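Asker: Turn this into a structure:
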Amino acid sequence: MNTQILNKKLELIQWLSTLEDKSIIEKLLKFRQEETKDWWESISDEEKKSIEKGISEANNNDLKPHSEAKKLYEKWL
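Answerer: Numbering: from 1, shown residues only. Here you go, the predicted model:
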């Protein structure tokens, strides 16, 4: 593991072990819960349908070349 990251983790652990502010602890627990949430549950039904359609098309080898996709979406890229 990267030494710099390991040092930051140890620093956070040390800081966390000294925390006494309940509101900060609650915020950290909420953050942790949000981070472990399955992203699939946070997207709309329309987005889920679009993803499922794309998977189905890929499974059926109904794919478009990258160049076509790039032309279609270039205004957003």
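Asker: And the residue nearest in space to the middle of the chain, how close does it get to L28?
Answerer: In the chain, the centroid-proximal residue (CA atoms, centre = their mean) is W39; its distance is 6.4 Å. The gap separating W39 from L28 is 21 Å, by CB to CB, to the nearest Å. The way it works is simple: take the backbone N, C-alpha and C, and place the C-beta from them, glycine included.
Asker: again, but for N2
Answerer: Applying CB to CB, the value for N2 to L28 is 23 Å.
Asker: Who has more neighbours out of those two?
Answerer: When N2 and L28 are compared for neighbours, L28 comes out ahead with 13 against 7, by other CB atoms under 10 Å.
Asker: What confidence value was assigned to that one?
Answerer: You'll see L28 listed with a pLDDT of 95.
Asker: For it, which residues are in contact?
Answerer: When the contact criterion is CB atoms under 8 Å, 6 or more residues apart in numbering, the partners of L28 are L16.
Asker: Name the helix or strand for it, please.
Answerer: helix 22-35 (DSSP states H and E).
Asker: buried ones in that helix?
Answerer: Of the residues in helix 22-35, none has enough neighbours to count as buried (16 or more other CB atoms under 10 Å).
Asker: Now do that helix: distance to the chain's middle.
Answerer: On the basis of CA atoms, centre = their mean, to the nearest Å, helix 22-35 sits 17 Å off its chain's mean C-alpha point.
Asker: need the next SSE after it, C-terminal direction.
Answerer: From helix 22-35 onward toward the C-terminus, using DSSP H and E, the following helix or strand is helix 45-59.
Asker: So what touches that next one?
Answerer: Applying CB under 8 Å, 6+ apart, the external contacts of helix 45-59 come out as 40, 43, 63.
Asker: Chain neighbours aside, what residue packs nearest to the first one?
Answerer: Counting by CB to CB, 6 or more residues apart in numbering, the nearest residue to W40 once its immediate chain neighbours are dropped is K48, at 7.1 Å.
Asker: Residues contacting the host helix or strand of K9, please?
Answerer: With the criterion set as DSSP H and E, the secondary-structure element containing K9 is helix 3-18. Helix 3-18 has contacts (CB under 8 Å, 6+ apart) with L28.
Asker: Right, I'll leave it there.
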